[in-house]
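Visitor: A structural model of the following input is requested.
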Amino acid sequence: MNPTAPCALRKDIDRHFAGSIEPSAERALREHLPGCPECHRYYERHLLLARLDPQALDAKARLGAGLGVPVRRSSSRWFFLPASGLALAAAAAAVLVVASPRSTTESGDFVARGGGEEHSAVRLSVFKLERGAAVPVQGHIRASDELAFAYENRAGKQRLMVFGVDEHRRVYWFFPAWQ
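Guide: As a prediction, the model looks like this:
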């Protein structure tokens, strides 16, 4: 992605995975993907999320939509939002993490699910970036806020995964970073 603006065809990737892409746009997207590393990575992220989301369209339905075959759904939910919606969903997921009283200790530190109040071996802190400084998240955040995470691993765990889930049960990955 260009630092000033995302690729113009990125929205077509969202439409492809939502099953709402027009055949001509699908054809242009297929021709564009091999030559655009940013779009290719964005497509791969959507592909992985589609494998994890049981309500996402399968490959046949997505390809059929790209050929003009109508997609049948049991509901009218959107499964993948445009980039601006993704930021809003990530912010909502972060608010859920921050506001959840059962996931913090009395001191306000985040703990792993099932972690004890007294001897938490794993801590996760969430910060938003303001004027070049990391400020602990308190209350709410905006969709435009940049987030940072700090992880304390006193238990010596070998793996870490940080993700958020929005109110529609969509998963948004924060760590490990997409390659």
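Visitor: got the contact list for the residue nearest to Asp58 when sequence neighbours are not counted?
Guide: The spatially closest residue to Asp58, leaving aside those adjacent along the chain, is Ala50, at 7.9 Å (CB to CB, 6 or more residues apart in numbering). For glycine as for every other residue, the C-beta is placed from the backbone atoms N, C-alpha and C. Shown in contact with Ala50 (CB atoms under 8 Å, 6 or more residues apart in numbering): Phe17, Ala56, Leu57, Asp58, Arg62, Phe79.
Visitor: and if you look at Arg62?
Guide: His16, Phe17, Gly19, Ala50.
Visitor: give me that answer again for 7 Å
Guide: By CB atoms under 7 Å, 6 or more residues apart in numbering, the contact list for Arg62 reads His16, Phe17, Gly19.
Visitor: Secondary structure element holding it?
Guide: According to DSSP states H and E, Arg62 maps onto helix 59-66.
Visitor: List the buried residues for that helix?
Guide: For helix 59-66, burial by neighbour count (16 or more other CB atoms under 10 Å) applies to Ala61, Arg62, Gly64, Ala65, Gly66.
Visitor: any idea how far the fourth one is from Ile21?
Guide: For Ala65, the distance to Ile21 equals 6 Å [CB to CB, to the nearest Å].
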